[in-house]
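Chemist: Generate a structure from the sequence data that follows.
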Amino acid sequence: MTHAIRIHKNGGPEVFQWESIEVGDPAPGEVRIRQTAIGLNYIDVYFRTGLYPTHFPAILGQEAAGVVEAVGAGVTQLKEGDRVAYPMNPGAYTEARLIAADKLLKLPDNIADQTAAAMMLKGLTAHYLLHRTYPVKAGDAILVYAAAGGVGQILTQWAKRLGATVIGCVGSADKAELAKAAGADHVINYSVENIAERARELTGGEGVAAAYDSIGKATFEDSLNALRPFGVLASYGNATGPVDPFSPAILAPKGSLYVTRPTLATHISTRALLEDGAERLFDIVGRGEVNIHINQTYALKDVAQAHRDLEARKTTGSTVLLP
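Modeler: I've put the predicted structure just below:
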């Protein structure tokens, strides 16, 4: 019997239920995978609480790695026994599942299952932010929020490989050390420093080329004020809630700024886009130029505790759930 974590209503971590489910055989174009590692992401909290809508009963989770158990009619690119992973496909909190074959990526031999589960959503997010949202150039100064977290550590390492000066933003001295270890040139501890003022000080008064902001409401104004003229604010997360409505007119006097709210879903919406990002991610991780730090693991049954720790900002790096 296969088990999964399901919710039947929105709420706190207590709404998670460990339940038996029927998986069945793959339909044409689908495969069945036995999952070996599941990634934990803050977007999972948004679905659990109801910030992002879902249908009940719901199996949350967006990314995982596993092994193909069966393939449906018409599937030629995968076979039983292949190691695979996927990003941004709801329904990951389960021991096994059915999924469309074209949503899966075959894992290279030098990428372990837990590494893949920890990096697919986070690593592809870092890819689109650095290569598409604001293409970072050598010499650019950028502001990276939650620099001790999963996306933040990948962003920092990858941006350094592109020649950027990385200013990490964290909430504690311990997390500042983790951001520095990931390669941040400077770290702002927002619990004791003003983000915008310190960012401008570190850039000789100019400001940063881009602010990659996963925090949302609490840091939106700081991010704008930290930008140089023509700078880009990529607001890609809502850890403190959605950004309040604002008038675009405020962007002109601050330096003709740009604000965007990107999502990974758009950047992997076609097979070509998915493969482009995954190829670059597998390459840079496989060569050891970006390391995936899995600092916490929990049994899938204990996902409620994982969510509590995530929301309390007790986690660092990436977190993996083990079925």
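
Chemist: Help me confirm that Val187 is found in a strand?
Modeler: Yes. According to DSSP: H, G, I helix; E, B strand; the rest coil, the state of Val187 is that of a strand.

Chemist: Quick check: it touching Ser172?
Modeler: No. With contact defined as C-beta atoms under 8 Å, Val187 and Ser172 do not form a contacting pair (10.6 Å). Where you see a C-beta, it was placed from the backbone N, CA and C, and this is true even at glycine.

Chemist: More neighbours: these two, which one.
Modeler: Neighbour count, other C-beta atoms under 10 Å: between Val187 and Ser172, Val187 has more, with 24 against 15.

Chemist: who's in contact with that one?
Modeler: For Val187, the contacting residues are Ala147, Ile167, Gly168, Cys169, Val170, Ala176, Ala179, Lys180, by C-beta atoms under 8 Å, 6 or more residues apart in numbering.

Chemist: give me that answer again for 6 Å
Modeler: By C-beta atoms under 6 Å, 6 or more residues apart in numbering, the contact set of Val187 is Gly168, Ala176, Ala179, Lys180.

Chemist: now Ile292
Modeler: With contact taken as C-beta under 6 Å, 6+ apart, Ile292 is in contact with Thr115, Ala118, Met119.

Chemist: and the closest residue to the last one other than its chain neighbours, what element?
Modeler: Counting by C-beta to C-beta, 6 or more residues apart in numbering, Met119 lies nearest to Ile292, which is 4.7 Å off, once chain neighbours are set aside. Ile292 belongs to no helix or strand when assigned by DSSP states H and E.

Chemist: Distance check, Ile292 against Ala118.
Modeler: Using C-beta to C-beta, to the nearest Å, one gets 5 Å for the distance from Ile292 to Ala118.

Chemist: With Ala299 instead?
Modeler: Distance, Ala299 to Ala118, using C-beta to C-beta: 16 Å.

Chemist: what about the two, which has more around it?
Modeler: Comparing Ala299 with Ala118 by other C-beta under 10 Å, the one with more neighbours is Ala118, at 31 against 11.

Chemist: Helix, strand or coil: sort out the more buried one for me.
Modeler: Using three-state DSSP, the structure places Ala118 in helix.

Chemist: In contact with it, which residues?
Modeler: With C-beta under 6 Å, 6+ apart, Ala118 has these contacts: Gly39, Ile292, Ile294, Ser318, Val320.

Chemist: Kindly report the same for Trp158.
Modeler: Applying C-beta under 6 Å, 6+ apart, the residues near Trp158 are Ala126, Leu130, Val290.

Chemist: For the closest residue to the second one other than its chain neighbours, which three-state class applies?
Modeler: Once flanking residues are discounted, Leu130 sits nearest to Val136: 5.0 Å by C-beta to C-beta, 6+ apart. When states are read from three-state DSSP, the local structure at Val136 comes out as coil.

Chemist: I'd guessed Val136 sits against Thr165; true?
Modeler: No. Using C-beta atoms under 6 Å, Val136 is not in contact with Thr165; the gap is 10.1 Å.

Chemist: Mind checking which of these two has more residues around it?
Modeler: A count of neighbours by other C-beta under 10 Å puts Val136 above the other of Val136 and Thr165, at 24 against 18.

Chemist: pLDDT wise, what is that one at?
Modeler: On the pLDDT scale, Val136 is placed at 97.

Chemist: Enumerate every residue touching it.
Modeler: For Val136, the contacting residues are Leu130, Ala159, Leu162, Ala164, by C-beta under 6 Å, 6+ apart.

Chemist: So what does it look like in phi/psi?
Modeler: The phi and psi values for Val136, taken as degrees, to the nearest 10, are phi -70, psi 140.
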